[in-house]
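S.K.: Got a predicted structure plus its sequence, pasted below:
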Protein chains: 2
Amino acid sequence: MEGVMKCSANYVPLTPISFLERAAQVYGDRTSIVYGSIKFSWEQTRERCHKLASSLVSIGISSGDVVAVISGNTPWVYELHYAVPMAGAVICNITPHYGPDILCDLLCRSNAKLVFVDDRFLDLAKDALRLLSPLRTPTLISISGASSDVPTSSAVEMDYETFLGSGDAEFKVRWPADEFNPISVCFTSGTTDAPKGVLHNHRAAFLNTIATIMLMEMAPGTIFLWTSPMYHCNGWGFVWGVAAQGGTNVILRDEATAEAVFDAIEEHGVTMLSGATPVLAMLAADRRVLSRRVSVLTGGAPPPPDVLMRMEEQGFRVTHSGGQTETYCCAVYCMRRPEWEELPRETRARLQARQGLPHLLLAQVDIKDPVTMKSVPSDGVTVGEVVYRGNNVMSGYVDRGATEEAFRGGWFHSGDLAVRHPDGYIEFKDRLLDRVERGGHTVGTLEIESVIYGHPAVIAAGVVGVSGDSEGEVLCAFVELKQGHEATTEDILEFFRQRLPDSKVPEMVVIGKIPITSTGKIQKAILREKGKEILASSSFKKEEKEMTRACDPVKEEKI
Amino acid sequence: MEGVMKCSANYVPLTPISFLERAAQVYGDRTSIVYGSIKFSWEQTRERCHKLASSLVSIGISSGDVVAVISGNTPWVYELHYAVPMAGAVICNITPHYGPDILCDLLCRSNAKLVFVDDRFLDLAKDALRLLSPLRTPTLISISGASSDVPTSSAVEMDYETFLGSGDAEFKVRWPADEFNPISVCFTSGTTDAPKGVLHNHRAAFLNTIATIMLMEMAPGTIFLWTSPMYHCNGWGFVWGVAAQGGTNVILRDEATAEAVFDAIEEHGVTMLSGATPVLAMLAADRRVLSRRVSVLTGGAPPPPDVLMRMEEQGFRVTHSGGQTETYCCAVYCMRRPEWEELPRETRARLQARQGLPHLLLAQVDIKDPVTMKSVPSDGVTVGEVVYRGNNVMSGYVDRGATEEAFRGGWFHSGDLAVRHPDGYIEFKDRLLDRVERGGHTVGTLEIESVIYGHPAVIAAGVVGVSGDSEGEVLCAFVELKQGHEATTEDILEFFRQRLPDSKVPEMVVIGKIPITSTGKIQKAILREKGKEILASSSFKKEEKEMTRACDPVKEEKI
């Protein structure tokens, strides 16, 4: 085709930066961010991001440099998600819930040149930086809670507002020369493993945002409440999505308790939020009924049917999705079918708790036998590993070897296990590392957890296998009760016995507070350690199963 | 970033073929197409397209070959839009409303290897083919109205159903190796010029579809009625969009009269349609009120405020867009602002008749002074040429020289004139060729047309300039009346005089049938010719303006 010409008129690299530029043009006077008494318009957000980007360039940040952020959700972190890519750099938003050792390791592996730190985590950041080699200590910029009401710490080089204020609003954006250039490093939450640094590119960020908008049917002007952390996969893509649809970011100043969430929904007219299962369980436990419909995106562990049913009654419309940091979160989602509306609500909740189908911008998802690499049949029974192929799959890990391993055979190997049902919907079973080997067969812990969420007194649960004798692992259920509710381990065991075959009933039940990661996932590694301790200290023996089951090893202990 | 790897796991060329593959997987049992008594599911449509693609490959169609289609809207044309790209080839859907000369020229310039022809246009196609050089005569495949109820013409090589039936449902799709590879050739409708062959690529088709879905807020399961021809920009992207959202294509067997459209809306539960101004004027004239909301995408000439107001009352929700074949139709659209709802309906209709703002997937639109190439101010007055830059801009014309001319300076030059209002919305004025030079200044014909649509007896209108003496052109208004309505040229002139400054009141009014192109645009070239004839035959002189204005040159003439 000799008339074809690829040039700036017809080929523009895809990047979410364009969402903010357009938001300022199309939705300029609408509110971009609400944070306590602070409010910005999209025009202001764009101007602030331009200034911030200009300041980054002026202190020597070059294309491809990594800029780290250690903070909870604030407007300043939102701004950095645009300003850093506008300067051609790569944003690395790290959870502030690690200790200095791990933080030092992540700053080192991401090779951060500059670190923005929320004042609340300044001591932590300094401790981490002291552990780094003096040759590669990044510059530190402190972010105070707001521009004026908190005094700047004198021990750091610069203050965020001063730094931003010195920038140029007429800054010329450094658009990516290639849409495959990296835009962010996200560390995995490390439920089963050490955190891995995942690189995403501009194209993936752009397309994944569009996919999320479409699967959530996110309308222009959506009022989005931040109940998920921005440091988890750039806020599941909503950091970019809210700008794309000219919506409003409602950011909470304090902890996202059920009360704070319900209050914010009513005060700001929130229409959408997102959260992992613990957030959903917290909202469902509150039982308050909404005055208008709120759409909720959830992912990670499947929401227990009981929680889903209660949330529907409250007025939430929950969409469940599957994916992980490496697929930029949502890759599959449980699309509702109109015919489900007529089913009994328990059946419907169970169908909706599946991870579902690929979204419009993911090329392919498959479930393959880990040995033969052949697709498993759509029988709802045969378990295989979930593999993905698509433009929202990461560019790679920061470590080349890990990338090659993950992409073997031209597919991304997720480590998640799943079945495919006859209707095509996939359902996650367990992560490979979350399966318990016992008495010669494998037990999935998700199924057992899903059962216990149906107990009226339970707000959270984690089931793990703890190394036992030659027969395999011992199945331990850790259970957290709702405030004001009571239940004994025997009550819980009885609840299991009535609903599960003998081989799946846990041998040990522990009641106490469940440790969760900063992204809202249950920290199974900690539960495994705790289980090991309890087991070692008790008189537990395989031969005395019946007795042990009835015993009450630890009650109301802080796990 | 040494961990980055670009491979099949994380980079998949964007192509609308994926929409059909996914529709079969996600919406397999839902109805894809309704056409009289014929119905297909998405699973069936995918299977038929695979078979068709396999047959194309089996007769030697190679990657990049052009396959032409001459037909109105039918399920078979819809299938060809997927089957041809699945075979790696390029679809060229040509309007069947040209004569054999032009048709021959288009087949020659697109270099078609194979032509599918609807039986109704078989004689036309054969006449056109006879004019081609015998060295490059493409193969002809006839498409009968339906698989069985119309006998196959014996004079052609193959029949569509036989051809499709011999294919392999397990065909392995030839995915594009590069997303910039061409997917279609669309000829411009040629309102002001000879038809130009526009090449679009897989990436543009994919992204433009997503943009259209988003700006129309097209929900999954949309019931789409085909009132625009598929041969115009691949049906404004809806050929791909309906599959993407697992909707249903309602295709009319006969002409899209107002009655047929309203009947189909009620019978099939239609929720969306599209059409140029003549289609809208036809629906508004019917005055039937809908039992449910129907979204309408319009474009091309701006819909007259009067038509927009009436359609809103009927229950249509009209979104107006701007663009052209070279931008794959919609590039800008008139996004409604909530604050408009409180305005008087005339004001609102006027605001909604503007072309508006760039959509989410177009990088940039600007209005530039054609001489200095500087952006015009946002004053609503200064006119400049509309230029575009974005991934939905064509790959180029089939003619290299024309491509270079159109892309000069790294922007696509549209030939459309427009202003930008202080609120950022752009409003098309006239095409460069549609401006009338008169008495030393330029008069835009769109403004005059927009006025006359407010007359209760008028259903269509076209205003052109006809070469006059040294003072410039003579302004001629051609007007078509609604059935059962009456008006004299003097009535029309008086209507103009009350609403326009003297300098813009047409000097000649002609009442009769208005010729429109197959894509629903007014054929101004024909009107100009007709105006010239009338002018030559009449006693019209510049010096006798007043007299001429009052005269009644031709009444109820077939123009």
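M.R.: Ah, there it is. Numbers count the residues shown, from 1 in each chain, chains lettered A, B, ... in the order given.

S.K.: C-alpha from now on. contacts and neighbour counts both.
M.R.: Fine.

S.K.: which one is A:Leu280 nearest to, not counting chain neighbours?
M.R.: The shortest distance from A:Leu280 to any non-neighbouring residue, by C-alpha to C-alpha, 6 or more residues apart in numbering or on different chains, is to A:Val307 (7.1 Å).

S.K.: Give me the contact list for the host helix or strand of the one you found.
M.R.: Element membership for A:Val307, per DSSP states H and E: helix A:305-314. The set of residues external to helix A:305-314 that reach it, using C-alpha atoms under 8 Å, 6 or more residues apart in numbering or on different chains, is A:280-281, A:283-284, A:287-290, A:317-318, A:345-346, A:349-350, A:352-353, A:450, A:453-454.

S.K.: Among these, name the ones in helices.
M.R.: Using DSSP state H, the members of the contacts of helix A:305-314 that fall in helices are A:280-281, A:283-284, A:345-346, A:349-350, A:352, A:450.

S.K.: What is the nearest of those to B:Leu481?
M.R.: Relative to B:Leu481, the closest of the ones in helices among the contacts of helix A:305-314 is A:Gln352; by C-alpha to C-alpha it sits at 56.0 Å.

S.K.: My guess is the closest one contacts A:Tyr333. True?
M.R.: No: here A:Gln352 does not reach A:Tyr333: they are 9.4 Å apart, not a contact under C-alpha atoms under 8 Å.

S.K.: Now for these two: what residues contact both?
M.R.: A:319-320.

S.K.: which secondary element of chain A has the worst mean pLDDT?
M.R.: Ranked by mean pLDDT, DSSP states H and E, the helix or strand of chain A with the weakest confidence is helix A:545-550, at a mean of 34.

S.K.: So for the longest helix belonging to chain A, what gets flagged as buried?
M.R.: Ranked by residue count under DSSP H, the longest helix found in chain A is helix A:42-58. Using 16 or more other C-alpha atoms under 10 Å in any protein chain shown as the test for burial, helix A:42-58 gives A:42-57.

S.K.: same question, stretch A:330-337
M.R.: Going by neighbour count (16+ other C-alpha under 10 Å), the buried part of stretch A:330-337 is A:330-335.

S.K.: Okay, A:Ser133 and chain B: tell me how far apart.
M.R.: Taking C-alpha to the nearest C-alpha, to the nearest Å as the measure, A:Ser133 falls 20 Å from chain B.

S.K.: And that residue, how far from B:Asn181?
M.R.: 49 Å (C-alpha to C-alpha, to the nearest Å).

S.K.: Kindly report the same for A:His200.
M.R.: Remark: distance between A:His200 and B:Asn181 (C-alpha to C-alpha) = 25 Å.

S.K.: ok, these two, which is more surrounded?
M.R.: Neighbour comparison, A:His200 and B:Asn181: the larger count goes to A:His200, with 30 against 24 (by other C-alpha atoms under 10 Å in any protein chain shown).

S.K.: tell me which element the nearest residue to the more buried one once chain neighbours are set aside falls in.
M.R.: For A:His200, ignoring the flanking residues on the chain, the nearest one in space by C-alpha to C-alpha, 6+ apart is A:Met394 at 4.9 Å. Assessed by DSSP H and E, A:Met394 sits outside every helix and strand.

S.K.: Surely A:Met394 and A:Cys329 touch.
M.R.: No: if you go by C-alpha under 8 Å, A:Met394 and A:Cys329 don't touch, sitting 10.3 Å apart.

S.K.: Settle it for me: which of those two has more neighbours?
M.R.: A:Met394 (29 against 23).

S.K.: residues in contact with the more buried one?
M.R.: Applying C-alpha under 8 Å, 6+ apart, the residues contacting A:Met394 are A:198-201, A:204, A:326-328, B:10.

S.K.: quick one: which of these sit in strands?
M.R.: Members of the contacts of A:Met394 lying in strands (criterion: DSSP state E): A:198-201.

S.K.: Derive a PyMOL selection command for the buried subset of the ones in helices among the contacts of helix A:305-314.
M.R.: Buried members of those, defined by 16+ other C-alpha under 10 Å, are picked up in PyMOL with:
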select buried, chain A and resi 280+281+283+284+345+349+350+352+450
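
S.K.: so which of the ones in helices among the contacts of helix A:305-314 comes closest to B:Arg253?
M.R.: Distance to B:Arg253, by C-alpha to C-alpha, is smallest for A:Gln352 among those, at 39.7 Å.

S.K.: which bits of the stretch 351-500 of chain A sit near chain B?
M.R.: Within reach of chain B by C-alpha under 8 Å from any C-alpha of the partner chain, the stretch 351-500 of chain A has these residues: A:357, A:360, A:363, A:388-401, A:403, A:407, A:410-412, A:424.

S.K.: how about low-confidence regions in the stretch 451-559 of chain A?
M.R.: In the predicted model of the stretch 451-559 of chain A, residues A:468-471, A:518-520, A:538-559 satisfy pLDDT under 70.

S.K.: which regions of chain A lie under the pLDDT threshold?
M.R.: Flagging of chain A using pLDDT under 70 yields the residue ranges A:145-157, A:190-193, A:431-433, A:435, A:438-442, A:468-471, A:518-520, A:538-559.

S.K.: can you pull out the helices in the stretch 151-300 of chain A?
M.R.: A:160-165, A:202-215, A:233-236, A:238-244, A:258-268, A:277-286 (DSSP state H, counting those that start in this stretch).

S.K.: Report the buried residues of the fifth one.
M.R.: Spelled out, it's helix A:258-268. A:258, A:261-262, A:264-265.

S.K.: Please apply the same query to the fourth one.
M.R.: By neighbour count, and taking 16+ other C-alpha under 10 Å as the criterion, the buried residues in helix A:238-244 are A:238-244.

S.K.: same check, this time on the longest one
M.R.: For helix A:202-215, burial by neighbour count (16+ other C-alpha under 10 Å) applies to A:202-215.

S.K.: Intersect those with the contacts of chain B.
M.R.: Among these, chain B is touched by A:Met214 when using C-alpha under 8 Å from any C-alpha.

S.K.: Throw the buried residues of helix A:202-215 into CSV and include distance to B:Thr95, thanks.
M.R.: Putting those into CSV (distance: C-alpha to C-alpha, whole Å) gives the following:
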residue, distance to B:Thr95
A:His202, 39
A:Arg203, 36
A:Ala204, 38
A:Ala205, 39
A:Phe206, 36
A:Leu207, 34
A:Asn208, 37
A:Thr209, 37
A:Ile210, 34
A:Ala211, 34
A:Thr212, 37
A:Ile213, 36
A:Met214, 33
A:Leu215, 36
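
S.K.: Of all pairs in the buried residues of helix A:202-215, which one is the farthest apart?
M.R.: Farthest pair in the buried residues of helix A:202-215 (C-alpha to C-alpha) is A:His202 and A:Leu215. Separation: 20.1 Å.
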